[in-house]
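# What shape does this take:
(2 chains)
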There are 2 protein chains.
Amino acid sequence: MDYSNMHPQQVKELIRQGKITGQTSGMCNGYAQANLCILPKKYAFDFLLFCMRNPKPCPILEVGDAGSREIKAMAEKGDICTDFPKYRIWKNGVLEKEVTDISDLWQEDFVYFLIGCSFSFEAELLEAQIPVRHIQEGKNVPMFNTNIELKSAGVFHGNMVVSMRPIPHDLVVKAVNVTAAMPRVHGAPIQIGYPEAIGISDVTKPDYGDSVTINPGEVPVFWPCGVTPQNVVMATKPDIAITHSPGHMFITDVKNTQLKY
Amino acid sequence: MDYSNMHPQQVKELIRQGKITGQTSGMCNGYAQANLCILPKKYAFDFLLFCMRNPKPCPILEVGDAGSREIKAMAEKGDICTDFPKYRIWKNGVLEKEVTDISDLWQEDFVYFLIGCSFSFEAELLEAQIPVRHIQEGKNVPMFNTNIELKSAGVFHGNMVVSMRPIPHDLVVKAVNVTAAMPRVHGAPIQIGYPEAIGISDVTKPDYGDSVTINPGEVPVFWPCGVTPQNVVMATKPDIAITHSPGHMFITDVKNTQLKY
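Take a look at the predicted model:
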């Protein structure tokens, strides 16, 4: 089944029915995708402030009122509890389990945060004739923990997570330009070619997602990643948090072009 | 005394000493100015979300951690309690009094919000040879309540407040362009030439600030205004809120050019 040219509402219907539970890279070309973090309201101000102070890894797309599971701005209709292929439940900073629906876990004090995702700009990279390796290889994007300390806000603190794409050396400038125009889905890379400078010792061993081939003449390029909130949840240990499972995103009904400058 | 070419820290020293208690339009040319709203932490998430949903009237420049009165990002050093020429104390949505220092009113659960101010772009208008009438006349800018309903967030709701500048008809396009480049200090106008369309019946009778001369051939142009949160405080009635007094702003140490796209 080729999901790349389907409309987001068609794919999300399959996700709601539990027929798609895998990762969403390459689906619904041209439409923005989104990361998720859900927290009780007592944490919501600190977390929103954390995102505002760290807009590169945590660019806010939409935030719900306390208790509201309805997605309004980023989709025609959307339910935060059913529209991601896979969720992670965190208790006191420890991953408890993964599920495909969180309707029975929803609490009236929950606040959801939709955060921009670099999958959004992959269609733009492809359009610019820049290869996207994990799509070519049918894998999830490789993601790494880094030593880049983020600005704290209230109880929230932690380091940035990045996604990596190997880019042919003569296309790196183009890849920077294409992505820099889209700050609401992470924007420009944070590091080019020196993984050790941001605390990554082995680019073939990602902390999340899959390892991909880096060919001779290709440079590993690192973008801020929306898995960062999961790292922050592990560091901050809120009593409960729910995130998406890495790579298993919400596909919005908003085109990438609407999120450009 | 000509404050237009003084450095913000010099002017703020005079403000801290109580030697300047008037409005700040035209001071420290080239430096951004900021509006203020202070609320207890229990309201902070809803208010931050309100600002994010209404970025034209309420563009966030900096938000403090709960209990912190220190301004970090928008100034070399700054104290939210002393660095505005005049403050307004609101109880249950009613203006109680105006003061020039709020040190003795500060609470450990207070959160401050610095919001962009259209005074910031007036130097850019002047640079583009566009007259700014209230500066010419030595007055505060005229501000009006409107019928433009804002997106609500939690308990916060209300209508937009706008500032008005009369612009010669052949300079209106230029005024739009100059200000549109600065979305963090309100950006482009919200209305040009039809005050009645946004619920303003008499442009000579502002709800805040002073009335200014509109010459023949000039068009009243309306920009979203950072007094909007005061209107929202009146509508929402939090038990306590502190704002600046309209026109009596915080002068940041950040140049307008740093706030452009």
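# how many neighbours does the residue in the stretch 101-250 of chain A that chain B sits nearest to have?
Going by CB to the nearest CB, chain B is nearest to A:Gly154 of the stretch 101-250 of chain A, at 5.8 Å. For every residue, glycine as well, the C-beta is placed using N, CA and C. A:Gly154 is flanked by 19 other residues according to other CB atoms under 10 Å in any protein chain shown.
# Grab the nearest non-local neighbour of A:Gln23.
A:Gly247 (3.5 Å; CB to CB, 6 or more residues apart in numbering or on different chains).
# Double-check that neighbour against A:Val141; I have them as touching.
Yes: if you go by CB atoms under 8 Å, A:Gly247 and A:Val141 touch, sitting 6.5 Å apart.
# which residues do those two both contact?
Shared contacts of A:Gly247 and A:Val141 (CB atoms under 8 Å, 6 or more residues apart in numbering or on different chains): A:Ser25, A:Gly209.
# Settle it for me: which of those two has more neighbours?
Between A:Gly247 and A:Val141, A:Val141 has the larger neighbour count (other CB under 10 Å), namely 27 against 24.
# All the strands of the stretch 101-250 of chain A, residue numbers only.
A:110-116, A:143-149, A:159-168, A:191-192, A:218-224, A:240-244, A:250-255 (DSSP state E, counting those that start in this stretch).
# With distance to chain B and mean pLDDT added, can I get the ones you listed in a markdown table?
Converted to a markdown table, the strands of the stretch 101-250 of chain A look like this (distance: least, CB to the nearest CB, whole Å; pLDDT from 0 to 100):
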| stretch | distance to chain B | mean pLDDT |
| --- | --- | --- |
| strand A:110-116 | 7 | 97 |
| strand A:143-149 | 16 | 97 |
| strand A:159-168 | 19 | 97 |
| strand A:191-192 | 23 | 97 |
| strand A:218-224 | 19 | 97 |
| strand A:240-244 | 16 | 97 |
| strand A:250-255 | 16 | 96 |
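# okay, those, which one's buried deepest?
strand A:110-116 (a mean of 26; mean count of other CB atoms under 10 Å in any protein chain shown).
# ok, and what's touching stretch A:21-29?
For stretch A:21-29, contacts defined as CB under 8 Å, 6+ apart pick out A:3-8, A:11, A:15, A:33, A:85-86, A:100, A:119, A:122-123, A:126, A:132, A:134-135, A:140-141, A:246-249, A:251.
# Send me the helix or strand bottoming out on mean pLDDT in chain A as CSV with only the CA atoms.
The helix or strand of chain A with the poorest confidence is helix A:122-127; it has a mean of 91 (mean pLDDT, DSSP states H and E). What follows is helix A:122-127, C-alpha atoms only, in CSV (Å, rounded to 0.1, in the frame of the first residue of the first chain):
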residue,chain,number,x,y,z
GLU,A,122,11.3,15.3,4.1
ALA,A,123,8.9,15.8,1.2
GLU,A,124,10.6,19.2,0.6
LEU,A,125,14.0,17.5,0.7
LEU,A,126,12.9,14.9,-1.9
GLU,A,127,11.4,17.7,-4.0
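# Flag the shaky bits of chain A, pLDDT-wise.
Along chain A, segments meeting pLDDT under 70 span A:261.
# how about the helices in the stretch 51-200 of chain A?
For the stretch 51-200 of chain A, the helices defined by DSSP state H, counting those that start in this stretch occupy A:122-127, A:133-136, A:172-180.
# Identify all contacting residues around the first one.
The set of residues external to helix A:122-127 that reach it, using CB under 8 Å, 6+ apart, is A:Ser25, A:Gly26, A:Asn29, A:Gly30, A:Val132, A:Ile135, A:Arg165, A:Ala175, A:Val178, A:Thr179, A:Met182, A:Asn256.
# Any of those residues buried? List them.
When those are checked for burial by 16 or more other CB atoms under 10 Å in any protein chain shown, the buried set is A:Ser25, A:Gly26, A:Asn29, A:Val132, A:Ile135, A:Arg165, A:Ala175, A:Val178, A:Thr179, A:Met182, A:Asn256.
# can you redo these as CSV with distance to B:Gly226?
Listed next are the buried ones among the contacts of helix A:122-127 as CSV, based on distance: CB to CB, whole Å:
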residue, distance to B:Gly226
A:Ser25, 41
A:Gly26, 43
A:Asn29, 40
A:Val132, 43
A:Ile135, 45
A:Arg165, 41
A:Ala175, 38
A:Val178, 35
A:Thr179, 33
A:Met182, 28
A:Asn256, 31
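# Which one of these is nearest to B:Asp210?
Closest to B:Asp210 out of the buried ones among the contacts of helix A:122-127 is A:Met182 (43.2 Å), distances taken as CB to CB.
# List the contacts of the residue nearest to that closest one when sequence neighbours are not counted.
Among residues not flanking A:Met182 along the chain, A:Phe121 sits closest, at 5.1 Å (CB to CB, 6+ apart). A:Phe121 makes contact with A:Val178, A:Thr179, A:Met182, A:Val185, A:His186, A:Asn256, according to CB under 8 Å, 6+ apart.
# So which of those residues is the closest to A:Ala241?
Comparing those against A:Ala241 with CB to CB places A:His186 closest, at 21.0 Å.
# wouldn't the closest one be in contact with A:Pro57 here?
Yes: using CB under 8 Å, A:His186 is in contact with A:Pro57, at 7.1 Å.
# Enumerate the residues of the stretch 51-200 of chain A near chain B.
Listed as neighbours of chain B in the stretch 51-200 of chain A under the rule CB under 8 Å from any CB of the partner chain: A:Met52, A:Ile60, A:Val63, A:Asp65, A:Ala66, A:Val111, A:Ala153, A:Gly154.
# Mind putting those residues into CSV with distance to A:Met234?
CSV is the format used below for those (distance: CB to CB, whole Å):
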residue, distance to A:Met234
A:Met52, 21
A:Ile60, 21
A:Val63, 22
A:Asp65, 27
A:Ala66, 24
A:Val111, 19
A:Ala153, 16
A:Gly154, 17
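# Which residue comes closest to A:Phe234 once chain neighbours are left out?
Just to correct that, residue A:234 is Met rather than Phe. Closest to A:Met234 by CB to CB, 6+ apart is A:Gly93, at 4.8 Å.
# residue contacts, the one you found?
Neighbouring residues of A:Gly93 by CB under 8 Å, 6+ apart: A:Val233, A:Met234, A:Ala235, A:Thr236, A:Lys237, A:Pro238.
# Report the buried members of those residues.
Counted by 16+ other CB under 10 Å, the contacts of A:Gly93 give A:Val233, A:Met234, A:Thr236, A:Pro238 as buried.
# Pick out the residue of the stretch 1-150 of chain A closest to chain B.
A:Phe45 (3.8 Å).
# what residues does the helix or strand hosting that residue touch?
Using DSSP states H and E, A:Phe45 sits within helix A:41-53. Helix A:41-53 is contacted from outside by A:37, A:39, A:58-60, A:63, A:66, A:109-111, A:113, A:115, A:150-156, A:229, A:232, A:238, B:41, B:44-45, B:48-49, B:52, B:60, B:63, B:65-66, B:111, using CB under 8 Å, 6+ apart.
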